[in-house]
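Give me a model of this one.
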Amino acid sequence: MKAEGFRFDGSEPCRLRDLPCGAGSREKEQKDRLIRKTADNLQRMAELQDAFYADGREGLVVVLQALDAAGKDSMVKHVMGGLNPQGVTVHSFKQPGKEELAHDYLWRVNRALPARGSIAIFNRSYYEDVLVVQVHDLQKTYRMAPRVLEEEKREFFRKRYRQIRQYEEYLYENSYRVVKILLHVSKDKQKERFLERIETPAKNWKFSADDLKERALFDTYTRVFDEVVTETASAHSPWYVIPADQKWYARYLVSEIVTDALDRCCHEYPQLSPEARARLDDYRRALEQDEQP
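Predicted coordinates:
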């Protein structure tokens, strides 16, 4: 799998500044081939999903995280859009509401887990609770016991990293797989896409003044992402830090990741018992004769 070079499984730290945001010269020369390979992967994903759904022994969660304008929404549309919607749910975890804030931060996520045999795509996720919350010190606004909130900030989030690792281990041990993808966009490309949203009337609705406030914290988010990936990557729930400046390249890599994840899952069609198979001839004859079996 070509995306293997962007995989973090906890064996080494993540340093986003050392990782590419775009395709290299070799990949650009192979653009047409990689676009065709993406199409092949989408077809393969659909075939694997059909058997994965029929098998029903595992569930798959795909987590998409990124800074604004990295292409999360278009990734869902162009890479996941070829899957059977009966077996896929997409959840966009925005700012939590009153009811959600009255529960632990994993409560709303746990409610969105797919049934085994199905796929859930989290467009943002519980990782917002160690990213945005940490960058903006939102934990200080929580209605929680003093014993929790009086902890030093680093200790508070160190515990959350542990909780997330244990939660993902719990899911893995209960027949779920979690694949986490960080779309790594450069500061220059983010600026370019923000300007496009301003200058293109059909995209004006995508732009918000809050985007500029968050952009001012680009370097802070980069530092926190380094820590989050390093602290929560594991062999069974790895992170993939994908170059996102060229959408065609990012889509190719994500199609490789999801295809590989489905290929690792149980995806065998259920087998009929000998007795049930023996009766198939009877059912066929009844249908041919237009009679009730």
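
When you work out contacts or count neighbours from here on, use the C-alpha atoms and nothing else.
Noted.

which residues of the stretch 51-200 of the chain fall in strands?
Secondary structure of the stretch 51-200 of the chain, counting by DSSP state E, counting those that start in this stretch: strands at 59-66, 88-92, 119-123, 176-184.

which residues make contact with the third one from outside it?
So the one you mean is strand 119-123. For strand 119-123, the external contacting residues (Cα atoms under 8 Å, 6 or more residues apart in numbering) are 59-65, 72-73, 76, 87-93, 112-114.

Just want the angle from that strand to strand 59-66.
Interaxial angle, strand 119-123 versus strand 59-66 (axes from the mean of the first three to the mean of the last three Cα atoms, to 10 degrees): 20 degrees.

about what we covered before: can I get the strands of the stretch 51-200 of the chain in JSON lines with distance to P243, mean neighbour count and mean pLDDT?
Shown next, in JSON lines, are the strands of the stretch 51-200 of the chain (distance: least, Cα to Cα, whole Å; neighbours: other Cα atoms under 10 Å; pLDDT from 0 to 100):
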{"stretch": "strand 59-66", "distance to P243": "11", "mean neighbour count": "23", "mean pLDDT": "98"}
{"stretch": "strand 88-92", "distance to P243": "22", "mean neighbour count": "16", "mean pLDDT": "95"}
{"stretch": "strand 119-123", "distance to P243": "17", "mean neighbour count": "22", "mean pLDDT": "97"}
{"stretch": "strand 176-184", "distance to P243": "5", "mean neighbour count": "23", "mean pLDDT": "98"}
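
so which of the ones you listed gets nearest Y269?
Among these, the nearest to Y269 by Cα to Cα is strand 59-66 (15.4 Å).

How about residues contacting the closest one?
By Cα under 8 Å, 6+ apart, strand 59-66 touches 72, 113-125, 127, 175-185, 262.

a markdown table please, covering the strands of the stretch 51-200 of the chain and showing distance to S255.
What follows is those, written out as a markdown table (distance: least, Cα to Cα, whole Å):
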| stretch | distance to S255 |
| --- | --- |
| strand 59-66 | 12 |
| strand 88-92 | 15 |
| strand 119-123 | 13 |
| strand 176-184 | 11 |
